[in-house]
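A.B. asks: Show me the folded form of this:
(chains A and B)
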Amino acid sequence: MDSPKIIPAIEVAGLECGYGGAPVLKNVSFQVRRGEIFFVIGGSGCGKSTLLRHLVGLNEVTAGTVSFFGEPFTTADAEQRRVLLRTFGVLYQGGALWTSLTLRENIALPLEEYTPLARVEREEIVALKLAQVGLTGYGDYYPAEISGGMKKRAALARALALDPAIVFFDEPSAGLDPVTSRHLDDLIRHIRDTLGTTCVIVSHELASIYAIADRLIMLDKTAQGIIAEGVPRELARSTRDERVRDFLGRPENQP
Amino acid sequence: MSDSSTATAARVEARLEGDCLHVAVGGQWRITRNRPAWADVLAARTPARVRLEPAADLAAWDSSLVLFADEARRWCEGHDAYCDLTALPPAVTQLVTQIAGAQVGNVPPPRAAPNLLAWLGGLATDAWRRTHNNTEFVGECALGVLFVLRHPRKFRWRDCLGEMQQCGAKALPIVGLISFLVGVTLAYTGALVLRQVGGDIWLADLIGLAMVREMAAVMTAVVLAGRTGAAFAATLGNMKAGEEIDAFVTLGIRPVVFLVLPRVVALGLMTPLLALYANALGMIGGLVVAKQVLSIQPSAYWVEMLANVSLSDIATGMIKAVAFGLIVGLAGCLRGLQAERSAAGVGRAATSAVVTALLLLVVADAVFAVLFHILGL
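C.D. replies: The predicted model follows:
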């Protein structure tokens, strides 16, 4: 007898997406397992961020489906979609913290919108989330008053506010120095290990890929889709595709 | 490629040996200085072979020498001559090859020539897209209002109060000054005619009715379009560029409820109050001119105005002011949310917000004029 099929956290099938004109990506299919740190890599302009924007529903896909835990997202009606939106959080490239609100208010807003928690309880959750990302005591700061790395961490705290099962990261290391970037990587791994959160990370930061990725897919501009899928080190060793080898580096050069 | 002020300028020596023109390049080749022209080097000769060589004093070179060598190469190509650049520094030869490559291969296909049909089609699809976006925005606002009516606690009163202070209290000086001056201008213009017919006192009616029915609401809205509408567009455009709007969308929070409604409600509430204040300042402006130029007593001015300006006149002005406030607020937020994700896009959004608001204000004013005429107000 077959063992019961484990439903993946994210299932993408035959996805085609673009911005009105010619499609940027065609026939993209992949699965992300629960609790996995999954990287989407590729050179500049290959459609990584485009894929992310379509996965989280910021742009409508032209064809194909995206499902979260078996629930179709792309074909869902407005109400189902609002429910599914709560299964994931997004960490945007620049953090995208609401500049007119303090960090505390930024994190509390999703809680105010979606939970029946009393004010005191919300404050406790906010304090917990700030502690999780190492920003205890910064609740009353405005986004403009903190550094780029702190903004990313505060944005991560906001993305984690509703304890989502999946967190999407758009270029988390962009604009960060190597040390801060490494701390962020540690934080992502810590969150996955402690909360079991599935992390989907769009990046081209080789150090992060080798440090924390469980699996990855690589997109290519010319192919308009996935050209490789697998575990980073194995892929770098076994691939015969010159583009993948060039990107992941020769095994002897790997960090 | 060091530079020195003592070095000689770029120089070329050409000598013909059989059918081969030997061109020795020497001196200092700098793109910022003049270089020898290839035509002068040739001096009307048509050699079958050209060989460029470095002279002993070739000191420093940059793109200037590359351009010269490329000129020689192109002449040779056009005249079936053989061009030998191998004696030049290898980097020069390499750069000349790159220039040649940049000229022929690996360039995007030329843009299609403008086609009238394609242009018209583009305009039509663009107009359709804009109409779709604008209708969608109005629809979202309507849904947002319904949502807030069902869940009044979700309305951001704190943001709304902040905006009321920004667009209301802080606009008092500029609205006051402009209304006062409008009153003064109207009074001077009115006095020109009224004096001729001996109807000086009617100036009070002219100023009163013009301010109350028309000018106060219009001038307040114009000031708010430039001051507040543009600010709304810039703020929301900036938020869009910083992915803050996306952050609302992926959290399932309606940006319209959170960002647009508090701003539009604030303007809808503040514009009539500012218009009332503008009425008062405009009348005072008229009164000052009436006293100074036409020697009308303030008490007479006041009594005459009260006799002719009714509450329904004030009501028409207030109705207009509310509508104008909503128009300015909606235009600012619409353009802000439609802004492109760049600094230039934010600037364009602010400009577009003002233009849209002014255009809609004039259209709405005309509609109100017809409507009030039909209703006998």
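A.B. asks: what ranges do the strands span in the stretch 101-250 of chain A?
C.D. replies: Secondary structure of the stretch 101-250 of chain A (DSSP state E, counting those that start in this stretch): strands at A:166-170, A:198-202, A:215-220, A:225-230.
A.B. asks: Now render those strands as a markdown table, adding mean neighbour count, distance to chain B and mean pLDDT.
C.D. replies: (C-beta placed from N, C-alpha, C; glycine too.) Compiled in a markdown table, those are given as follows (neighbours: other CB atoms under 10 Å in any protein chain shown; distance: least, CB to the nearest CB, whole Å; pLDDT from 0 to 100):
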| stretch | mean neighbour count | distance to chain B | mean pLDDT |
| --- | --- | --- | --- |
| strand A:166-170 | 24 | 8 | 94 |
| strand A:198-202 | 25 | 13 | 95 |
| strand A:215-220 | 22 | 19 | 92 |
| strand A:225-230 | 18 | 23 | 90 |
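A.B. asks: State the pLDDT value of the closest residue to residue B:207 other than its chain neighbours.
C.D. replies: Closest residue in space to residue B:207, ignoring its immediate chain neighbours: residue B:286 at 3.3 Å, by CB to CB, 6 or more residues apart in numbering or on different chains. What the model reports as pLDDT for residue B:286 is 94.
A.B. asks: Mind listing what's buried along the particular helix or strand that has residue B:286 in it?
C.D. replies: Following DSSP states H and E, one finds residue B:286 within helix B:261-293. For helix B:261-293, burial by neighbour count (16 or more other CB atoms under 10 Å in any protein chain shown) applies to B:261-279, B:281-287, B:289-290.
A.B. asks: and what of stretch B:349-365?
C.D. replies: Buried positions in stretch B:349-365, judged by neighbour count with 16+ other CB under 10 Å: B:349, B:350, B:352, B:353, B:354, B:356, B:357, B:358, B:360, B:361, B:364, B:365.
A.B. asks: could those be laid out in TSV, adding pLDDT?
C.D. replies: Converted to TSV, the buried residues of stretch B:349-365 look like this (pLDDT from 0 to 100):
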residue	pLDDT
B:349	95
B:350	95
B:352	95
B:353	95
B:354	96
B:356	95
B:357	96
B:358	96
B:360	96
B:361	96
B:364	96
B:365	95
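A.B. asks: Looking at the residues you listed, which is nearest residue A:31?
C.D. replies: Comparing the buried residues of stretch B:349-365 against residue A:31 with CB to CB places residue B:349 closest, at 40.1 Å.
A.B. asks: I figured residue A:226 was touching residue A:241, is that so?
C.D. replies: No: under the criterion of CB atoms under 8 Å, residue A:226 makes no contact with residue A:241, lying 11.2 Å away.
A.B. asks: got the residues of the stretch 51-200 of chain B near chain A?
C.D. replies: For the stretch 51-200 of chain B, the contact set with chain A under CB under 8 Å from any CB of the partner chain comprises B:154, B:159.
A.B. asks: Kindly indicate whether residue A:40 is helix, strand or coil.
C.D. replies: Three-state assignment for residue A:40 (DSSP: H, G, I helix; E, B strand; the rest coil): strand.
A.B. asks: show me the contacts for the residue nearest to the spatial centre of chain A.
C.D. replies: Nearest residue to the geometric centre of chain A (CA atoms, centre = their mean): residue A:168, 1.8 Å. With contact taken as CB atoms under 8 Å, 6 or more residues apart in numbering or on different chains, residue A:168 is in contact with A:52, A:55, A:56, A:88, A:89, A:90, A:91, A:200, A:201, A:202.
A.B. asks: Look up how far residue B:191 lies from it.
C.D. replies: Distance, residue A:168 to residue B:191, using CB to CB, to the nearest Å: 69 Å.
A.B. asks: Ok, residue B:214 next?
C.D. replies: Counting by CB to CB, the gap from residue B:214 to residue B:191 is 19 Å.
A.B. asks: Roughly how far does residue A:219 sit from residue B:69?
C.D. replies: From residue A:219 over to residue B:69 the distance is 42 Å, taken as CB to CB.
A.B. asks: same thing with residue B:243?
C.D. replies: Going from residue B:243 to residue B:69 by CB to CB gives 49 Å.
A.B. asks: Can you dump the C-alpha atoms of the helix or strand hosting residue B:91 in PDB for me?
C.D. replies: Using DSSP H and E, residue B:91 sits within helix B:90-104. Extracted in PDB, the C-alpha atoms of helix B:90-104 (Å, rounded to 0.1, in the frame of the first residue of the first chain):
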ATOM      1  CA  PRO B  90      48.100  44.800 -28.100                       C
ATOM      2  CA  ALA B  91      45.500  46.700 -26.000                       C
ATOM      3  CA  VAL B  92      45.000  49.100 -28.800                       C
ATOM      4  CA  THR B  93      44.400  46.300 -31.300                       C
ATOM      5  CA  GLN B  94      42.000  44.700 -28.900                       C
ATOM      6  CA  LEU B  95      40.000  47.900 -28.400                       C
ATOM      7  CA  VAL B  96      39.800  48.500 -32.100                       C
ATOM      8  CA  THR B  97      38.400  45.000 -32.500                       C
ATOM      9  CA  GLN B  98      35.800  45.800 -29.800                       C
ATOM     10  CA  ILE B  99      34.800  49.000 -31.500                       C
ATOM     11  CA  ALA B 100      34.300  47.100 -34.800                       C
ATOM     12  CA  GLY B 101      32.300  44.500 -33.000                       C
ATOM     13  CA  ALA B 102      30.100  47.100 -31.300                       C
ATOM     14  CA  GLN B 103      29.400  48.600 -34.700                       C
ATOM     15  CA  VAL B 104      28.200  45.500 -36.500                       C
END
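A.B. asks: Please work out the average pLDDT along that helix.
C.D. replies: 82.
A.B. asks: Residue 55: neighbouring residues, count only.
C.D. replies: Since you didn't name a chain, this refers to chain A. 27 (other CB atoms under 10 Å in any protein chain shown).
A.B. asks: switch to chain B, that's the one I care about
C.D. replies: Residues near residue B:55, counting by other CB under 10 Å: 14.
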